[in-house]
Structure formats: C-alpha cells, structure tokens
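In: return a 3D structure for these sequence lines:
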Amino acid sequence: MAEYDKRKKEELEREKARGEEPDEEGWITVTRHGRTPGAPRTEAMEKKALKREKKKRSRRELMNFYTFQIRESKREHIAQLRKKFEEDKEKIATMKANRRFRPY
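Out: Below you'll find the predicted structure:
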C-alpha cells in the first residue's frame, strides 16, 4: 500500500510539473487538477448548501403577487418616507433654534 501511495504521489508531482512548464512549442498542458481543491463533502458543508438554497428560494418567491398588494406596499413605503421627512424637518428646526445647524 505504501508503494502505491508513493507512486501516486510521484505521478501527481510529475503532472503538476508538466502542467506548469510550457513544452518546446510553448504549449501548457492542462491537467485535471485545478488550482484550488473542491469543497469537502461533510455534513456541515451539506447543511450550509441547503441553507443557501433555501435562502435563495425564499428571495425568489414573489412578495407582492397581486396588484392590490403592490399598491399597498408602495403606499406604505411612501408613508414611511413622509414620516421620516417630517422627523428630519423637526430635527433641523431644533438645530436651527439652537444655532448648531451645520448642513455640510
């Protein structure tokens, strides 16, 4: 078994050396071993992949399918923007009253 491992290791080293150096015509041999090894197939990696797929699927689902839902969400968004604008306006007014207003 040790001989087999040793032989395989030597073959791998020869392949790597042959792949990195161009031959006499300037061509580089493409080997089946890439620069980075693939991700290991462990339970943790499987769980991570499943979690990523689930998150991707949930993003893909339509949030506002019906027209009235789209309209309602737009109205809510505009209402939030207006509320924020009013709060900022009040904050600016108080800063002006304190004479600490620095817009930039």
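In: which stretches of the protein form helices?
Out: Using DSSP state H, the helices of the chain run over 2-20, 43-60, 67-98.
In: out of these, the one nearest residue 31 is which?
Out: With distances scored as C-beta to C-beta, the stretch of those nearest to residue 31 is helix 2-20 (4.2 Å). C-beta: built from backbone N, CA, C; applies to glycine.
In: contacts for that closest one next, please.
Out: Residues from elsewhere that reach helix 2-20, judged by C-beta atoms under 8 Å, 6 or more residues apart in numbering: 28-31, 33.
In: from those residues, which single one is nearest residue 21?
Out: When these are compared against residue 21 (criterion: C-beta to C-beta), the nearest one is residue 28, at 7.6 Å.
In: measure the closest one to residue 22 for me?
Out: 5 Å (C-beta to C-beta, to the nearest Å).
In: related to what we said a few turns ago, where is pLDDT lowest across the contacts of helix 2-20?
Out: Minimum pLDDT across the contacts of helix 2-20 is recorded for residue 33, with 65.
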